[in-house]
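1. Sharing a sequence plus its predicted fold:
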Amino acid sequence: MKILLDESLPKRLKKHFPGHAVKTVSDMRGKGKQNGELMALIAGKFDVFVTSDQNLIYQINLRDAAVPILVLKTSSNRYDDLILLIPALLKTLKFSFIKKIYVIE
């Protein structure tokens, strides 16, 4: 599966997705792009977008979402907090995506 990590996530999270092709927004030269621009950039190139931006669902029209969005809900964007959600995230990746957005707590 091709996974794109939002620029708000620590880059070192990339190593926690064995068997998946993982890039960051920075890798794609998308840093600083608005959400609509970012969705256009990733269309057809990725299978899922992972972010911790809990406001994203209010900032874009989910019909325009190029791929399913997985939102990591933690108290901070610190690596030590986010790493705790990786097992649940990997489990979610095993299932077919029906909805456009998933919140992982």
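-> Received, thanks.

2. which residues in this structure form strands?
-> 2-5, 21-24, 48-51, 69-72, 101-104 (DSSP state E).

3. rank those by pLDDT, which is bottom?
-> Among the strands of the chain, strand 101-104 carries the lowest mean pLDDT, at a mean of 79.

4. just checking, what packs against it?
-> The contact analysis (3 or more Cβ pairs under 8 Å, 6 or more residues apart in numbering; DSSP states H and E) places strand 101-104 against strand 69-72, helix 86-93. Heads up, the C-betas are built off the backbone N, CA and C, glycines and all.

5. so how far is residue 58 from residue 5?
-> Counting by Cβ to Cβ, to the nearest Å, the gap from residue 5 to residue 58 is 21 Å.

6. So which of these two has more stuff around it?
-> For residue 5 and residue 58, the more surrounded residue by other Cβ atoms under 10 Å is residue 5, and the numbers stand at 24 against 8.

7. what's the more buried one in contact with, if anything?
-> By Cβ atoms under 8 Å, 6 or more residues apart in numbering, the residues touching residue 5 are 11, 13, 14, 22, 23, 24, 25, 50, 51.
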